[in-house]
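Student: got a predicted model here, sequence first, then my questions.
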Amino acid sequence: MIVLKTPIVIAIDGHSSCGKSSFAKTIANELKYLFIDSGAMYRAVTLFAINNGLIANGKANVEELEKHLSSIDINFKQSNNFAYQTYLNGENVENDIRSMQVSANVSEISKIKAVRTRLVALQQKMGTRKAIVMDGRDIGTVVFPEAELKLFMTASLEVRAQRRFKELSDKGSTVLLTEVSDNLAQRDFIDENRAESPLKRADDAIILDNSHLTPEQQMEWIKKYLEKFQ
Ligand code: DC
């Protein structure tokens, strides 16, 4: 365990499927901090929209979705083996929010201003006492612009597609590698080019390209940045 002098906020942003959540989780575990995967929150709203017929053929019914936003409750529970489970209105949706159907629609939902306003407010509330590691696309730029430590993670598209493909295949999905790769490239493009809070590196974020790093090497890398808070 690493002990810091005072609690800090660690913001991790970056491209899809470059291991942001896994890294954020490991750091949080090491510091005994709260870990929040903000992407899971956008995925949960997307699942809600799909289940309630509020998105069809890639087009969201923004007006109707806005009406439901205040009644969408999202929270996280940690099981004893350190796995995080996402709950949507009391139901465990951890598996459902990782499906290709949700991945294919999440960009459409996450570009809606009202969705972002609601989720950013929830995320900021989770960080009021600091001692939090949150990963996403706009954490260092919008959610916690004052975060003490900001990382911007990336990896080559090939490496990211292979990792995500393995993850999905291990869960029994029959998805094709090209399908995964196309979805990642498309989500990166939308994330970087949308009008609302596009994905971009905060000026004060440290870049981490982990294409050729093991999780252990990544952890060694971050430790030298944590030292200054010890
Ligand atoms: O991290 P992820 O791939 O599970 O995120 C799913 C989608 O949610 C991603 O394509 C972009 C969106 N997202 C966002 O717009 N802002 C965030 N802070 C986190 C995720």
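Tutor: Structure's in. What do you need?

Student: which bits of the protein sit near the ligand?
Tutor: Applying Cβ under 6 Å from any ligand atom, we find that the chain lies next to the ligand at 16, 38-39, 42-43, 106-107, 110, 136-139, 187, 191. Just so you know, the C-beta spots here come from the backbone N, C-alpha and C atoms, and that holds for glycine as well.

Student: report the central residue of the chain.
Tutor: In the chain, the residue lying closest to the centroid (Cα atoms, centre = their mean) is Gly39, at 3.1 Å.

Student: follow-up on the earlier one: redo the residues of the chain next to the ligand as JSON lines? Include secondary structure, distance to Ser173 and pLDDT.
Tutor: JSON lines is the format used below for the residues of the chain next to the ligand (DSSP: H, G, I helix; E, B strand; the rest coil; distance: Cβ to Cβ, whole Å; pLDDT from 0 to 100):
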{"residue": "Ser16", "secondary structure": "coil", "distance to Ser173": "16", "pLDDT": "91"}
{"residue": "Ser38", "secondary structure": "helix", "distance to Ser173": "23", "pLDDT": "97"}
{"residue": "Gly39", "secondary structure": "helix", "distance to Ser173": "18", "pLDDT": "96"}
{"residue": "Tyr42", "secondary structure": "helix", "distance to Ser173": "20", "pLDDT": "98"}
{"residue": "Arg43", "secondary structure": "helix", "distance to Ser173": "16", "pLDDT": "97"}
{"residue": "Val106", "secondary structure": "helix", "distance to Ser173": "16", "pLDDT": "95"}
{"residue": "Ser107", "secondary structure": "helix", "distance to Ser173": "19", "pLDDT": "92"}
{"residue": "Ser110", "secondary structure": "helix", "distance to Ser173": "22", "pLDDT": "96"}
{"residue": "Gly136", "secondary structure": "strand", "distance to Ser173": "24", "pLDDT": "97"}
{"residue": "Arg137", "secondary structure": "coil", "distance to Ser173": "24", "pLDDT": "96"}
{"residue": "Asp138", "secondary structure": "coil", "distance to Ser173": "28", "pLDDT": "97"}
{"residue": "Ile139", "secondary structure": "helix", "distance to Ser173": "28", "pLDDT": "98"}
{"residue": "Arg187", "secondary structure": "helix", "distance to Ser173": "17", "pLDDT": "91"}
{"residue": "Asp191", "secondary structure": "helix", "distance to Ser173": "22", "pLDDT": "91"}
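
Student: what helices or strands is the helix or strand of the chain with the lowest mean pLDDT leaning on?
Tutor: Across the helices and strands of the chain, mean confidence by mean pLDDT, DSSP states H and E is lowest for strand 74-78: a mean of 91. Under the contact criterion of 3 or more Cβ pairs under 8 Å, 6 or more residues apart in numbering; DSSP states H and E, strand 74-78 touches helix 38-51, strand 84-88.
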